[in-house]
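*Asks:* just the structure for this:
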Amino acid sequence: MTCAESEPALTPADQKSPLITLTDVAAEAGVGESTVSRVLRNHGSFSEKTRAKVMAAVEKLGYVPNKIAGALASTGSPLVAIIVPSLSNIVFADVLSGVTKALEAKGHQAVFAVTDYDPAKEEALVAAVLAWRPAAVMLVGLEHTDGTRRMLHASGCRVLELLDIDGEAIDIAVGFSHHEAGRQTAARLLESGYRNIAYVGHDLKHDMRSGKRFAGFLEGLANAGLELAEQEIRDAPSSVSEGRAGLADVLSRGRPIDAVYFSNDDMALGGYFHCLAERISIPDQIALMGFNALDICRHTPQPIASVFTPRIETGRRAAELFLEGAPSQVVDLGFTIVAGATI
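*Replies:* Have a look, this model is predicted:
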């Protein structure tokens, strides 16, 4: 007695469903492919009865139109590529919110990529998205590798750089001056009577906008004939835990400190938690100042002093300028210092 040979196991490729095409939709609806195309583009002549048949076939088959192929065959791509340093930071989520609402209202589709603050990774991502011939590329900041700048200049698409205006824009830049924000923050602390000021920051080598704020802050102190009393720059991305540990390290050195400027609100919130844990009175014993005016820091028992940045407005305005076909320009949306209750 012999055993029947077993069927070979199906591979994932074997199990993959066949691609549903325009031809399949046309056959299901009993109309020509050109008719299906007209219905899906909502362009040209067709009856309501024909439209209903085509849409019923689309729903039954689960057909998804090939937007890229359609764009290449027509006047332009509906895609806008948005490349951000991080999605874990609400700052960039706010920017994306502003961008997508404006784009979707005009029929454009946003696609996202994340660099993790790595310029080489940004260059690779720019090369990848440009292969899809997007109508525009949006990036955060003005600093890019030479290769990235060459590709963007040669791409023929609109380039919009967001959240920074301290530098040379490729096409359109929308944001504010980080250097000036740092300088004015120093001036505000000095006006409030603080003189022994420390800085607690995160990785400045990769987050260049934080570096610009730090340089502006040092300039603001120097204008008053002062230097930092202490500083702690963590070799890590910004986080609540790094802010808490950074302030603990600064205070452990024993130098008199009456105010601390943090690189952003994530770090400032960590400093705030350290003060609560150690029963350090704010602002009587130490004042705290952050950056970005995140919602969570506005709702701590003592709202943390910070700098409000127009993140949603930056995304919205950039998208509008792209949609308007605006000329190359730099748009300064400014910032606002928010006193809070910690200075």
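*Asks:* assign the residue nearest to Met55 when sequence neighbours are not counted to helix, strand or coil.
*Replies:* Excluding the flanking residues, the one nearest Met55 by Cβ to Cβ, 6 or more residues apart in numbering is Val39, at 7.2 Å. Backbone N, C-alpha and C define where each C-beta goes, glycine included. Using DSSP: H, G, I helix; E, B strand; the rest coil as the criterion, the local structure at Val39 reads helix.
*Asks:* equivalent analysis for Lys121, please.
*Replies:* Taken by three-state DSSP, the conformation at Lys121 corresponds to helix.
*Asks:* so who does the closest residue to it other than its chain neighbours touch?
*Replies:* Closest residue to Lys121 apart from its sequence neighbours, by Cβ to Cβ, 6+ apart: Thr115 at 4.8 Å. Residues near Thr115 by Cβ atoms under 8 Å, 6 or more residues apart in numbering: 83-85, 121-122, 125.
*Asks:* repeat that with 10 Å
*Replies:* 83-86, 121-126, 139-141, 206 (Cβ atoms under 10 Å, 6 or more residues apart in numbering).
*Asks:* do a quick rundown of the strands in the protein.
*Replies:* 79-84, 109-114, 136-140, 158-162, 172-175, 197-201, 230-233, 259-262, 287-289, 306-308, 329-332, 336-338 (DSSP state E).
*Asks:* what residues sit buried inside the fourth one?
*Replies:* In other words, strand 158-162. Using 16 or more other Cβ atoms under 10 Å as the test for burial, strand 158-162 gives 158-162.
*Asks:* which of the residues you listed lies closest to Ala215?
*Replies:* Glu161 (19.2 Å; Cβ to Cβ).
*Asks:* bridging residues for the closest one?
*Replies:* Here Glu161 shows beta-bridge partners Leu139, Ala173, assigned using DSSP bridges.
*Asks:* the residue lying closest to Ala305 once chain neighbours are set aside: how many residues sit nearby?
*Replies:* The spatially closest residue to Ala305, leaving aside those adjacent along the chain, is Gly340, at 3.6 Å (Cβ to Cβ, 6+ apart). Using other Cβ atoms under 10 Å, Gly340 has 22 other residues around it.
*Asks:* and Gly340, what is it in contact with?
*Replies:* 268, 282-283, 287-290, 293, 297-298, 300, 302-306.
*Asks:* could you dump the buried residues of strand 158-162 to a markdown table with distance to Leu19 and pLDDT?
*Replies:* As requested, the buried residues of strand 158-162 are exported to a markdown table (distance: Cβ to Cβ, whole Å; pLDDT from 0 to 100):
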| residue | distance to Leu19 | pLDDT |
| --- | --- | --- |
| Arg158 | 32 | 96 |
| Val159 | 34 | 98 |
| Leu160 | 34 | 98 |
| Glu161 | 38 | 98 |
| Leu162 | 36 | 98 |
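*Asks:* what separation do you get for the residue nearest in space to the middle of the chain and Gly334?
*Replies:* In the chain, the residue lying closest to the centroid (Cα atoms, centre = their mean) is Phe92, at 3.0 Å. For Phe92, the distance to Gly334 equals 19 Å [Cβ to Cβ, to the nearest Å].
*Asks:* how about Val54?
*Replies:* In terms of Cβ to Cβ, Val54 sits 50 Å off from Gly334.
*Asks:* sorry, back to before: among the buried residues of strand 158-162, which one lies nearest to Tyr63?
*Replies:* Among the buried residues of strand 158-162, and counting by Cβ to Cβ, the member closest to Tyr63 is Arg158, at 31.0 Å.
*Asks:* is that closest one in contact with Leu139, as I believe?
*Replies:* No. Taking contacts as Cβ atoms under 10 Å, Arg158 lies outside contact range of Leu139: 11.6 Å.
*Asks:* find the residues that touch each one of the two.
*Replies:* Common neighbours of Arg158 and Leu139 (Cβ under 10 Å, 6+ apart) are 152, 170.
*Asks:* so what's Pro65 scoring on pLDDT?
*Replies:* Per-residue confidence (pLDDT) for Pro65: 70.
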